[in-house]
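K.L.:
here's a sequence, model it:
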Amino acid sequence: MKLQSLMIKNFRGISFAEIDIDNFTTLVGPNNIGKSTILHALNLILDNKKPKIEDWPGQKESDEEMEIKCIFHKIEDWERRKPAISKLLHEDQLIIKMTASWNEEKTEFVHEYSVYNSEVQYPWSEENFSTVKKDPEVNKIFSNFNVSKKADFDSQREEIEAFTQENYSDLVTTSTDWHVKRFANSLQQAVPHVMYVPASFKIEDELKSTNNSPFSFLFTNKLFPHVKRDDSYQDYIDRAEHLQNKLQGKLEEENEIEGLSDALKQVSDTLNQVLDFDSKIKLAIGDIDIEPLFMKAATFLVDDEIETSLAYQGSGVQRALAFAMLESNATAEAEVAGNERSIIVLYEEPELYIHPHLMRRLKNTLQERSNSEKWQVICSTHSPFLINIAERPESLKLLSRGANNQRNVHQISEDIFEKDGEYDERMMLRAALDFHPTVCESLFAKRAVIVEGDTEIAVFSRIGDLAEKLGTKELIDKDTTLVSAGGKWTIPALARVLNCLNIEYRIIHDTDRKEFTDDELEKLPAIHPYNANKKIASVCPNEWIYKVEDTFEHVLWERGETGSMKSSDKPFHSWKRIRDYLDGRVQLSENSEKTLREIIEFAFG
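P.N.:
Residues are numbered from 1 along each chain as shown. Model (predicted):
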């Protein structure tokens, strides 16, 4: 099964949020918006944990009920065949929730897990045994099975319920509602296995030999079995048993351990002298359980020319190892009676502590995992490198703050992009991302300014100095992200994404009319840059578009001044012209300054 959606209410800093979950889901948004809270809520409910005081808003008692609800779909055949799971399903979905509430005195809170399904209700379904036994009708049923105490009932429950359905059908009803599951382990077997990699942790905790640490599970279930199959391990055990028997005096033909008798005699003599005894002290060794000793002594070292303990490795290595251990454990932990549960990876800011090249490799690894029928990946990020809006636009979830501490979740449909003949927005955006990965920076902006290419980026790199020289004031350039679309035809696709995510933006593009007559414009190919004007206007609000006559170079140079300048040279020459203009080495025409001022006030005002 796969997680389809999540609802959170009154959990930590979020009063309400509802989000659809895909095979690969990326949570983005400003700091302190609740991305980590969503991952923590998922980890809590998938692992059937009890909430803590810090999970309540303000970390204190509340009059409101806390609720986390998950809906799972894509149920597998083996899950439908497994009674422990199939009886929990409703319309081929598993719907579970965790609720928690404080008592009237606000001294403690209780929590419970529930499943929404159809269940057969018997007189004893919602009552304890001592209460229901007082019912005369129930007593008649129990007498057929000689039930006098709860243990008798528990051992024959299935037979009793089958008998009741057949002979006392008027006492049996079917209820389709939320049903409390008092034994969380039954839910644990039903829901996917969860792997949680938090943003901050101590590698020493991950490597502890406690039973519930990732290293302990990995060592016990995957590593140590290989060690035990080696002949030298059995030799080790045999020699340990021989030494134990020798110390216990079970090997009469063996010589004593040299010096041991003298040391023990000294202890015996002192004891006898103090207590006036006449006794002899022996050294006794009990049975030795070798495996825990191996566990306690084992750890990981990184062999990179010099063997180094993990505690002395960089944070990037430590987080990567934590993920590797969790992934290795996940398959074993997910096994249920010969079948394999699906796995949900919750990864908080995967980009932390790793350089961009490794960041891309990690992104590819996570996406490859999510392509499997058995895996889902949900991560929070502040990095544009971990987003791919061309391939999986539906994977992106942008969080913003709503009224009363609610969270708005802006989502994109997978069919957002237009395709018509040669015009393929997804393909164009994919190409732009390959050459301009910073396109995704627009998704983190308060306002994005989308331009065609590198010439505009070169000019606006000195926006602060330009604004001062041109006398423009009250700009929001520090809260604005400048994004190169990598081409004019990419702008509509990017604008569609920003519209869905409710991100404010401005578009600056050339008209590209050149010297064409109206008749010549009508005959231009469908994908000529001039024809992109109409497509951009159909997607974007008109007041958010600034059309440059004719190209951006004409803002900086009068017609004819650029001469035979190559297109590939234009970004550099534009950057140099702005630099020379700011340094007073060249003077722009009055018309150029006027147009440049208009563009700056439009984009950043």
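K.L.:
so which bits of stretch 172-181 are buried?
P.N.:
Applying a neighbour-count criterion of 16 or more other CB atoms under 10 Å, one finds 178, 179, 181 buried in stretch 172-181. Every C-beta, even on glycine, is put in place using the N, C-alpha and C of the backbone.
K.L.:
and the spatially closest residue to the first one that is not a sequence neighbour, what element?
P.N.:
Pointing back at residue 178 there. In space, residue 178 comes closest to residue 114 once its chain neighbours are excluded; the distance is 4.4 Å by CB to CB, 6 or more residues apart in numbering. In this structure, residue 114 sits in strand 109-121 according to DSSP states H and E.
K.L.:
pull the residues that contact that strand.
P.N.:
Contact partners of strand 109-121, identified using CB atoms under 8 Å, 6 or more residues apart in numbering, comprise 45, 48, 50-51, 56, 61, 66, 87-90, 94-103, 125, 161, 165, 172-182, 184, 187.
K.L.:
what does stretch 169-188 give?
P.N.:
With CB under 8 Å, 6+ apart as the test, stretch 169-188 has contacts from 47-48, 84, 88, 90, 96-97, 112-123, 137-138, 164-165.
K.L.:
just the buried subset of those, please.
P.N.:
By 16+ other CB under 10 Å, the contacts of stretch 169-188 give 48, 88, 96-97, 113-117, 122-123, 138, 164 as buried.
K.L.:
ok, which pair from the residues you listed is furthest apart?
P.N.:
48 and 138 (31.8 Å; CB to CB).
K.L.:
related to what we said a few turns ago, show the pLDDT at the residue nearest to residue 178.
P.N.:
pLDDT, residue 114: 93.
K.L.:
before we move on, back to that, the contacts of strand 109-121 in strands, which ones?
P.N.:
66, 94-102, 173-181 (DSSP state E).
K.L.:
re the thing from before, from the chain's centroid, how far away is the strand holding residue 114?
P.N.:
Centroid displacement of strand 109-121 relative to its chain, using CA atoms, centre = their mean, to the nearest Å, is 27 Å.
K.L.:
adjacent strands (with direction) for that strand?
P.N.:
Partner strands for strand 109-121, per DSSP bridges, with pairing direction: strand 94-102 (antiparallel), strand 173-181 (antiparallel).
K.L.:
nearest to residue 544, of these?
P.N.:
That would be strand 94-102 among the strands paired with strand 109-121, by CB to CB, at 41.5 Å.
K.L.:
mean confidence score for the closest one?
P.N.:
On average, strand 94-102 scores 96.
K.L.:
please renumber the chain so that the first residue is 21 from this point on.
P.N.:
Let's use 21 as the start, then, which means that last one is strand 114-122.
K.L.:
which outside residues touch that strand?
P.N.:
Residues from elsewhere that reach strand 114-122 (CB under 8 Å, 6+ apart): 21, 64-65, 71, 81-83, 85-92, 95, 105, 108, 128-137, 198, 207, 210-211.
K.L.:
can you select the buried ones from these in PyMOL?
P.N.:
Only the buried entries of the contacts of strand 114-122 go into this PyMOL selection, using 16+ other CB under 10 Å:
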select buried, resi 21+64+65+71+86+87+88+89+90+91+92+95+105+108+129+131+133+134+135+136+137+198+207+210+211
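K.L.:
how about the helices in the stretch 521-625 of the chain?
P.N.:
538-542, 552-559, 573-576, 590-602, 610-624 (DSSP state H, counting those that start in this stretch).
K.L.:
closest to residue 337 out of those?
P.N.:
helix 590-602 (38.3 Å).
K.L.:
what is that closest one packed up against?
P.N.:
If you count contacts as 3 or more CB pairs under 8 Å, 6 or more residues apart in numbering; DSSP states H and E, helix 590-602 packs onto helix 474-480, helix 483-490, helix 573-576.
K.L.:
what comes up buried for that helix?
P.N.:
Going by neighbour count (16+ other CB under 10 Å), the buried part of helix 590-602 is 590, 591, 593, 594, 595, 597, 598, 601.
K.L.:
how far off helix 483-490 does it point, in degrees?
P.N.:
With axes from the mean of the first three to the mean of the last three CA atoms, to 10 degrees applied, the angle from helix 590-602 to helix 483-490 works out at 50 degrees.
K.L.:
extract the C-alpha trace of helix 590-602 and format it as PDB.
P.N.:
C-alpha atoms of helix 590-602 as PDB (Å, rounded to 0.1, in the frame of the first residue of the first chain):
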ATOM      1  CA  LYS A 590      25.900  39.600 -25.400                       C
ATOM      2  CA  PRO A 591      25.700  38.600 -21.600                       C
ATOM      3  CA  PHE A 592      29.400  39.600 -21.100                       C
ATOM      4  CA  HIS A 593      29.100  42.800 -23.100                       C
ATOM      5  CA  SER A 594      25.900  43.800 -21.300                       C
ATOM      6  CA  TRP A 595      27.500  43.100 -17.900                       C
ATOM      7  CA  LYS A 596      30.500  45.200 -18.900                       C
ATOM      8  CA  ARG A 597      28.400  48.100 -20.300                       C
ATOM      9  CA  ILE A 598      26.400  48.300 -17.000                       C
ATOM     10  CA  ARG A 599      29.700  48.200 -15.000                       C
ATOM     11  CA  ASP A 600      31.200  51.000 -17.200                       C
ATOM     12  CA  TYR A 601      27.900  53.000 -16.900                       C
ATOM     13  CA  LEU A 602      28.000  52.700 -13.100                       C
END
